[in-house]
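**Student:** Okay, structure incoming, though there's no sequence with it:
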Ligand code: PMP
C-alpha cells in the first residue's frame, strides 16, 4: 500500500477522499474463515457443469457486446422474486449489476450526488456511507436503539430535520442481524416523503435467511421504494458478483442514465442464469445455514455471551471490554471472524457445522480465560 507515501500525497486525489481507508475485511489464510458473511457451501457439481456449458455457449459470442439490458437474466430474477417474494414482478421491475454494491452505487449516482445527502441507521453496512462518499453524496448517520432495532421516533425526527434524498434501511441489518418490520419501513417511508420526495432503499442482501417475509410487496404503489438483493449470500455466489433491485419500472429507467453500457458481461449473465436454474438446491443450503445460525445463537448464549437476535447468516455477540483483543484471541485459535468496530461486539458468519464447532470451541476457551 502506498497510502501516506509522498507519491500518494502528491496525487491530485479528491479532497474528500484524502486520509480515508478503502473498505476491506482482512483476507487472511486461516483454517476457519467466518468473517465476510459468505456461504460456506461450494456450488454443487451439477451446477458447476451447467455453468461451464452456459459459459462455453457465451464464449462463442464474446466478439460481440453482451445484451446491454440483460433481459433474459432480469426475467429469471423477476420469476425468482415472484415465486419467493409473494409479489408478482416482471423484468421491467428488475435491474441487475455487478453485486448489490454496484446497484447501490448506481442508485446513489442517480438519486444522490453533489449537494445531496443519504442517511443510514448505524451501525449498519458501512459501504452505504462509503459509496455515498465515492459518488459525492453527503452522508448522515441515523440512530438505533440499544438493542439495535431502529428507533422509529428518533428516525422520524432525523428525516424531518435533515431531509435526506436517499434513505437506507438494511433488513436484516449487517452487522447486527436485526430484521426491520413492514410497519417501521412504512413509517420511515412516509416520514421521508413528508420531508421531500426521496428514494428509500431497503437493502435485503440477507433476506433469504430471515424468519420474516421479504418487504418486496411494499414496492406496490410506492414508486420511490426500492428493494436491493444479491446472489452473493443465499445463492452462494459471492465470486459471481451479481446483485439486483426490484422497484417500479420508472426506477429501472432512471438508473439507465448512469449505468455503464454493457456493464454486465456475457459470462456473468450466463453464470447467473445457470445458478437460477438451481435455485431450489441452493435454497436447501440456506435452510441448513438458518439451522446453524440458530444453533450458534443458542450455544453462544449457553456459554454466557450476549447475542443480538439474528435474521441473517451471521450472529453478533458480546460483550467485550476490548472487542479487538477478543477478535485477536479467536484468530490466534485459527478462527477468523469480524470486528466491525461496534464497541463491545463481534460478528461471526454461520459456516459449516464443523467450522461452527471450531468457532464455538474457541469462544468457550476465551470465556474461560476471562473468568
Ligand atoms: N448489502 C449488505 C447489507 C451487505 O452486507 C453486502 C455484502 N457484505 C452487500 C450489500 C453487498 O453485497 P454484494 O455486492 O456482494 O452483492
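**Tutor:** Arrived safely. These numbers were taken from a predicted model, which means no experiment stands behind them.
**Student:** just so I have it, where are all the helices in the stretch 201-350 of the chain?
**Tutor:** 249-255, 266-277, 279-303, 323-332 (DSSP state H, counting those that start in this stretch).
**Student:** Can you name the residues in contact with the first one?
**Tutor:** This points to helix 249-255. With CB atoms under 8 Å, 6 or more residues apart in numbering as the test, helix 249-255 has contacts from 92-95, 106-107, 110-111, 199, 223-224, 226, 245. In this view, the C-beta of every residue, glycine as well, is placed from N, C-alpha and C.
**Student:** Just those: which are in strands?
**Tutor:** In strands, judged by DSSP state E, the following of those are found: 94-95, 199, 226, 245.
**Student:** residues contacting the residue in the chain that the ligand sits nearest to?
**Tutor:** Going by CB to the nearest ligand atom, the ligand is nearest to residue 99 of the chain, at 2.8 Å. Neighbouring residues of residue 99 by CB under 8 Å, 6+ apart: 230, 232, 241-243.
**Student:** Now for those: which two are most distant?
**Tutor:** 230 and 241 (9.2 Å; CB to CB).
**Student:** Looking at those two, which has the bigger crowd around it?
**Tutor:** The neighbour comparison of residue 230 against residue 241 (other CB atoms under 10 Å) goes to residue 230, with 24 against 20.
**Student:** Show me what the more buried one is bridged to.
**Tutor:** residue 243 (DSSP bridges).
**Student:** before we move on, the earlier item: quick one: buried ones out of the contacts of helix 249-255?
**Tutor:** Buried members of the contacts of helix 249-255, scored by 16 or more other CB atoms under 10 Å, are 92-95, 106-107, 110-111, 199, 224, 226, 245.
**Student:** which is the next helix or strand following the lowest-mean-pLDDT helix or strand in the chain?
**Tutor:** In the chain, no helix or strand scores lower on mean pLDDT, DSSP states H and E than helix 6-9, which sits at a mean of 90. Remark: after helix 6-9, the chain's next helix or strand is strand 32-33, criterion DSSP states H and E.
**Student:** thinking again about what came up before, keep only the contacts of residue 99 that also lie close to the ligand.
**Tutor:** 230, 232, 243 (CB under 6 Å from any ligand atom).
**Student:** close enough to count as contact, the second one and residue 238?
**Tutor:** Yep, that's residue 232 we're talking about. Yes - here residue 232 reaches residue 238: they are 4.1 Å apart, a contact under CB atoms under 8 Å.
**Student:** if we can go back for a sec, return the most buried member of the helices of the stretch 201-350 of the chain.
**Tutor:** helix 266-277 (a mean of 21; mean count of other CB atoms under 10 Å).
**Student:** That one relative to helix 279-303, how many degrees between them?
**Tutor:** Using axes from the mean of the first three to the mean of the last three CA atoms, to 10 degrees, the inter-axis angle of helix 266-277 relative to helix 279-303 is 80 degrees.
**Student:** Give me the helices and strands touching helix 266-277, please.
**Tutor:** helix 45-59, helix 71-85 (3 or more CB pairs under 8 Å, 6 or more residues apart in numbering; DSSP states H and E).
**Student:** Tell me if residue 118 really is in a helix.
**Tutor:** No - if the criterion is DSSP: H, G, I helix; E, B strand; the rest coil, then residue 118 is strand and not within a helix.
**Student:** show me what contacts it?
**Tutor:** Applying CB under 8 Å, 6+ apart, the residues contacting residue 118 are 108, 112, 128, 132, 137-140, 164-168.
**Student:** residues shared between the contacts of residue 232 and residue 238?
**Tutor:** residue 38.
**Student:** okay, these two: which has more neighbours?
**Tutor:** Shown here are residue 232 and residue 238; by other CB under 10 Å, residue 232 has more neighbours (23 against 16).
**Student:** Name all residues that make contact with that one.
**Tutor:** Shown in contact with residue 232 (CB under 8 Å, 6+ apart): 38, 99-100, 205, 238, 240-243.
**Student:** Inside strands: which ones of those?
**Tutor:** Judged by DSSP E, the subset of those located in strands is residue 243.
**Student:** Out of the contacts of residue 232, the closest to residue 19 would be?
**Tutor:** Using CB to CB, the contacts of residue 232 come closest to residue 19 at residue 99, 26.2 Å.
**Student:** where does that closest one land on pLDDT?
**Tutor:** Looking at residue 99, its pLDDT is 98.
**Student:** ok, which residues in the stretch 151-300 of the chain are in contact with the ligand?
**Tutor:** 170, 174, 203, 205, 230, 232, 238, 243.
**Student:** Mind picking the two most distant members of these?
**Tutor:** Once CB to CB is applied, those give 170 and 238 as the farthest pair, at 17.5 Å.
**Student:** returning to what we had before: redo the contacts of helix 249-255 as JSON lines? Include pLDDT and distance to residue 29.
**Tutor:** Shown next, in JSON lines, are these (pLDDT from 0 to 100; distance: CB to CB, whole Å):
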{"residue": "92", "pLDDT": "98", "distance to residue 29": "45"}
{"residue": "93", "pLDDT": "98", "distance to residue 29": "42"}
{"residue": "94", "pLDDT": "98", "distance to residue 29": "37"}
{"residue": "95", "pLDDT": "98", "distance to residue 29": "36"}
{"residue": "106", "pLDDT": "98", "distance to residue 29": "34"}
{"residue": "107", "pLDDT": "98", "distance to residue 29": "35"}
{"residue": "110", "pLDDT": "98", "distance to residue 29": "39"}
{"residue": "111", "pLDDT": "98", "distance to residue 29": "40"}
{"residue": "199", "pLDDT": "98", "distance to residue 29": "40"}
{"residue": "223", "pLDDT": "97", "distance to residue 29": "47"}
{"residue": "224", "pLDDT": "98", "distance to residue 29": "45"}
{"residue": "226", "pLDDT": "98", "distance to residue 29": "38"}
{"residue": "245", "pLDDT": "98", "distance to residue 29": "34"}
